[in-house]
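Colleague: structure here, sequence nowhere to be found:
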């Protein structure tokens, strides 16, 4: 008798063993010159799989997202949301505008496999730390330039945020109810996160090419373009000459579909894609008569607007007559896509997510316990992991400068005095938590030898 | 080369406005001309073989597309009647039986048919799996295993195989087992991963406008696909170094929460969920698109100086005193945020898009030059529809859209991205006839036909 499949997979993905397993990107060094979300998330994607990511910030200022906040709330004198974006990185603070600072960054770039930046097109070149300058000493470097409108094209010098990319890509015009003047953006800076992970994927492709040939290259990861890549609306437009526009809660590619209110005043989503799923739904609703109706039998006719709308009304009535739990149970039994609408708190507390490692309760030396979202992909042999949460500005200065650049204590002190390198200002997001004694921290006061 | 102009263009970075900046970035401008074409360049994954068994699952299909765009030989395996994803199309619009999303994603792929419920074709799949680097499948967890072609069996035959599975709840945990019959859908993934709960109008608006709302595109499917392809590439990197394959498991019910990360941390720190916030933002105010006389325009004030600039230009300076700092403007007091937002709305409504754009733009360019760095950078853009995006000169210069003229499917346009100087992602062909590459692939891999 072979082992039960799920006990086999459970063993393979055992979260408790993750820390003991090898790291796929060990030995890959990434110089992260980026700020905010789009660039840092690409670097974090690599960090979680074992890359050594050195994040460079401006002394006494730092990444603007350090001090950002949702609703003006902070946690232990920091922005808790920043941890998801920058965990497991090394934090150094160097002033690029000082000639010695630029030199220091070039030295780090020379020793790196990947460099990531997300300033407006041309800025890093003007600073003297761009691709054309770095490749002179490090021709194998993979240099990723991330920007809203890309490195070339008439809009290339336009700065942008997530919101602008959503607007410029056509994405923003797609969410909401038709015939209203409300267009909803995708919240939580989706327009930064998704393109950031996409850029991480592009860097992996470049690493594959380099492994084979030894060649480095330049990557132009364009935020708005990456958002556009995920829309089928351009093809729809070119074929029908018609705008798909907003369709409220109906997925026009699934019939019936929608978000519905249950008897117990909760919300569920339902979307039927295949004829098989439709059959299962009709059985569950006890409406197998619909299966003989020419309007609903086959997907392409079922999807016609009037037919889809008709079915949506039938489902609406059915859902209203049941409680959420009952509905989920029915879907599970019959086999069709239905799920509860889950909010922040439910997601954080979800037992399945805790079991799976999709929500990780990380116990950090400096910040203690914090829940972070796990990786999008679980790898059985080289899983992603959190090594440490974020650290105060310039926390790893000594560690990196001594270990990697072989600078002496005296040289570092001189650089500090000249303002070339630095630390935190006494501001939220930059400084350590009040209870933490930096004087005793061996990494911050790194003398040599200890491993991190 | 039109897109790569010199520094005379309007720049928003003070470092590009400095004397001699044009000269300093001239090598860079020269280099960029190398970026504009994929013609004749090598491909990053040209020696990789990918089997795409995605079934009624666009996350799997898109993940396979990304690998195909990077040069892998992607063999799409379907049953003889075709993958049901072919019928998932807006309002049933199709070209010769192929829906719009499926056609869009049928880039650089080989299409073959196998009947996996038959022994002969399971052997054929094994034959290909021995030579493959990556296999992507989206069947119910345990289904492939029970047919003798799951990770457990295929990894015996090919220990280097990277086996990618995409399902709503993954292939492990007790829930994955209990809920194994629930199939993938983008909308349910959006709902269960925390996205739908955040979109929709404010609590005091009438039903159903204040309900959880669907993002109008495959927001969850896209995140799942990027996660899957990224995970596969990391596993493949490990395989290239050590020879060792592994299993990569993706749960689509996790898509949004694991992409943006906020729901878990907010739930933990605040111990309460966020309500829907309409067109307002949880972190910044004003941060959104506002209705002007001829469309919708972005007002995005990230820093205090950006806010001050916007106030000056919109002639709202009298508001500055009460709303001075970031902490005055972001608050969980919804009425307060609404008040400021309404004032911005009223002001924006007085102008056309061009008026605001020109003022913001000129201000930003000037402020960047100023020694006093408190100037702010009130950048903006117009909300465009996909139709307007298609007409934009910028994307034309970047070759973002390819128009295909196919003998079966006619003329259609698809987007592509992933620009890289040496191994750019690219579209080589788009085609989606069922089994159109049977002959080529069966011969190449020595597969059997007939009984």
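Modeller: Cool, the structure landed. Not measured: the values here are computed from a predicted model.

Colleague: quick one, strands of the chain?
Modeller: All of this is about chain A. A:29-32, A:52-57, A:90-93, A:114-117, A:142-147, A:217-222, A:257-261, A:267-271, A:338-340, A:359-364, A:368-373, A:378-379 (DSSP state E).

Colleague: um, chain B though
Modeller: B:49-52, B:73-78, B:94-95, B:98-99, B:109-113, B:134-137, B:162-167, B:246-251, B:287-292, B:295-300, B:401-406, B:410-415, B:419-420.

Colleague: mind listing residues that contact the third one?
Modeller: What it means is strand B:94-95. For strand B:94-95, contacts defined as C-beta atoms under 8 Å, 6 or more residues apart in numbering or on different chains pick out A:239, A:300, B:86-87, B:100, B:103, B:408-410, B:412. To be clear about C-beta, it is placed using only N, CA and C from the backbone, and glycine gets the same treatment.

Colleague: redo that, cut-off 7 Å
Modeller: For strand B:94-95, contacts defined as C-beta atoms under 7 Å, 6 or more residues apart in numbering or on different chains pick out A:239, A:300, B:103, B:409-410.

Colleague: now swap in stretch A:341-354 and tell me
Modeller: A:259, A:267-269, A:359, A:371, B:169, B:173, B:175, B:191-192, B:194, B:196-197, B:212, B:257, B:263-264, B:266-268, B:271-274.

Colleague: picking up where we left off before, closest one to residue B:336 among the strands of chain B?
Modeller: strand B:287-292 (14.9 Å; C-beta to C-beta).

Colleague: how close does residue B:77 get to chain A?
Modeller: Distance, residue B:77 to chain A, using C-beta to the nearest C-beta, to the nearest Å: 17 Å.

Colleague: that residue reaches residue B:50, doesn't it?
Modeller: No - if you go by C-beta atoms under 7 Å, residue B:77 and residue B:50 don't touch, sitting 10.6 Å apart.

Colleague: remind me which residues of the chain are low pLDDT?
Modeller: No chain was given, so I picked chain A. Flagging of chain A using pLDDT under 70 yields the residue ranges A:450-452.

Colleague: please refer instead to chain B.
Modeller: Residues of chain B that meet the cut-off, pLDDT under 70, sit at B:1-8, B:371-374, B:451.

Colleague: for it, what's the longest helix?
Modeller: Ranked by residue count, the top helix of chain B under DSSP state H comes out as helix B:219-242.

Colleague: over to chain A?
Modeller: In chain A, taking DSSP H as the definition, the longest helix is helix A:190-213.

Colleague: buried ones in that helix?
Modeller: Neighbour-count burial for helix A:190-213 flags A:190-210 (criterion: 16 or more other C-beta atoms under 10 Å in any protein chain shown).

Colleague: and the chain, split by domain according to the record?
Modeller: The chain I'm using is chain A. Using automatic domain parsing, the domain ranges for chain A come out as A:16-229+A:366-440, A:257-345.

Colleague: was after chain B, sorry
Modeller: According to automatic domain parsing, the domains of chain B span B:1-36, B:49-261+B:408-444, B:287-384.

Colleague: circling back to that earlier point, in TSV, list the strands of chain B along with mean neighbour count.
Modeller: Formatted as TSV, the strands of chain B follow (neighbours: other C-beta atoms under 10 Å in any protein chain shown):
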stretch	mean neighbour count
strand B:49-52	25
strand B:73-78	24
strand B:94-95	20
strand B:98-99	24
strand B:109-113	22
strand B:134-137	27
strand B:162-167	28
strand B:246-251	29
strand B:287-292	23
strand B:295-300	23
strand B:401-406	14
strand B:410-415	18
strand B:419-420	25
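
Colleague: what is the burial count for the single nearest residue of the stretch 1-150 of chain A relative to chain B?
Modeller: Distances between the stretch 1-150 of chain A and chain B by C-beta to the nearest C-beta are smallest at residue A:84, namely 3.4 Å. For residue A:84, the neighbour count with other C-beta atoms under 10 Å in any protein chain shown is 24.

Colleague: what's the burial count for the closest residue to it other than its chain neighbours?
Modeller: Leaving aside its chain neighbours, residue A:84 sits nearest to residue B:261 (3.4 Å; criterion: C-beta to C-beta, 6 or more residues apart in numbering or on different chains). Residue B:261 is flanked by 23 other residues according to other C-beta under 10 Å.

Colleague: and the domains of chain A, which is most packed in?
Modeller: Ranked by mean neighbour count under mean count of other C-beta atoms under 10 Å in any protein chain shown, the domains of chain A are led by domain A:16-229+A:366-440, which reaches a mean of 22.

Colleague: end to end on that domain, go ahead and measure it.
Modeller: Using C-alpha to C-alpha, to the nearest Å, the end-to-end distance of domain A:16-229+A:366-440 comes out at 30 Å.

Colleague: ok, now stretch A:408-422?
Modeller: Chord length of stretch A:408-422, first to last residue, is 16 Å (C-alpha to C-alpha).

Colleague: ok, residue A:77 touching residue A:436?
Modeller: No - using C-beta under 7 Å, residue A:77 makes no contact with residue A:436, being 9.7 Å away.

Colleague: what segments of the stretch 101-250 of chain A are helices?
Modeller: Here the stretch 101-250 of chain A has its helices, by DSSP state H, counting those that start in this stretch, at A:123-127, A:131-137, A:162-168, A:190-213, A:223-229, A:233-240.

Colleague: format those helices as CSV; extra columns: distance to residue A:26.
Modeller: Below are the helices of the stretch 101-250 of chain A laid out as CSV (distance: least, C-beta to C-beta, whole Å):
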stretch, distance to residue A:26
helix A:123-127, 27
helix A:131-137, 23
helix A:162-168, 32
helix A:190-213, 13
helix A:223-229, 28
helix A:233-240, 40
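
Colleague: can you redo those as TSV with distance to chain B?
Modeller: As requested, those are exported to TSV (distance: least, C-beta to the nearest C-beta, whole Å):
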stretch	distance to chain B
helix A:123-127	4
helix A:131-137	5
helix A:162-168	5
helix A:190-213	4
helix A:223-229	4
helix A:233-240	4
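
Colleague: right, so of the ones you listed, which gets closest to residue A:57?
Modeller: Residue A:57 lies closest to helix A:123-127 among the helices of the stretch 101-250 of chain A, at 14.4 Å (C-beta to C-beta).

Colleague: which residues sit against that closest one?
Modeller: When contacts are defined by C-beta under 7 Å, 6+ apart, helix A:123-127 is touched by residues A:33, A:96, A:102, A:117, A:130, A:132, B:13, B:15-16, B:21, B:24-25, B:28.

Colleague: next: stretch A:284-300.
Modeller: Outside stretch A:284-300, the residues that touch it by C-beta under 7 Å, 6+ apart are A:274-275, A:279, A:282, A:301-302, A:307, A:311, A:314, A:318, A:330, A:334, B:87, B:92, B:94.

Colleague: what's the closest non-adjacent residue to residue B:210?
Modeller: residue B:201 (4.9 Å).

Colleague: which ones are touching the closest residue to residue A:41 other than its chain neighbours?
Modeller: Leaving aside its chain neighbours, residue A:41 sits nearest to residue A:196 (3.1 Å; criterion: C-beta to C-beta, 6+ apart). Listed by C-beta under 7 Å, 6+ apart, the contact set of residue A:196 reads A:37-38, A:41-42.

Colleague: 6 Å instead?
Modeller: The contact partners of residue A:196, taken as C-beta atoms under 6 Å, 6 or more residues apart in numbering or on different chains, are A:38, A:41-42.

Colleague: out of those residues, list just those in helices.
Modeller: By the criterion of DSSP H, membership of those in helices covers A:38, A:41-42.

Colleague: can you lay out those as a markdown table showing distance to residue A:399?
Modeller: Below are these laid out as a markdown table (distance: C-beta to C-beta, whole Å):
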| residue | distance to residue A:399 |
| --- | --- |
| A:38 | 27 |
| A:41 | 23 |
| A:42 | 23 |
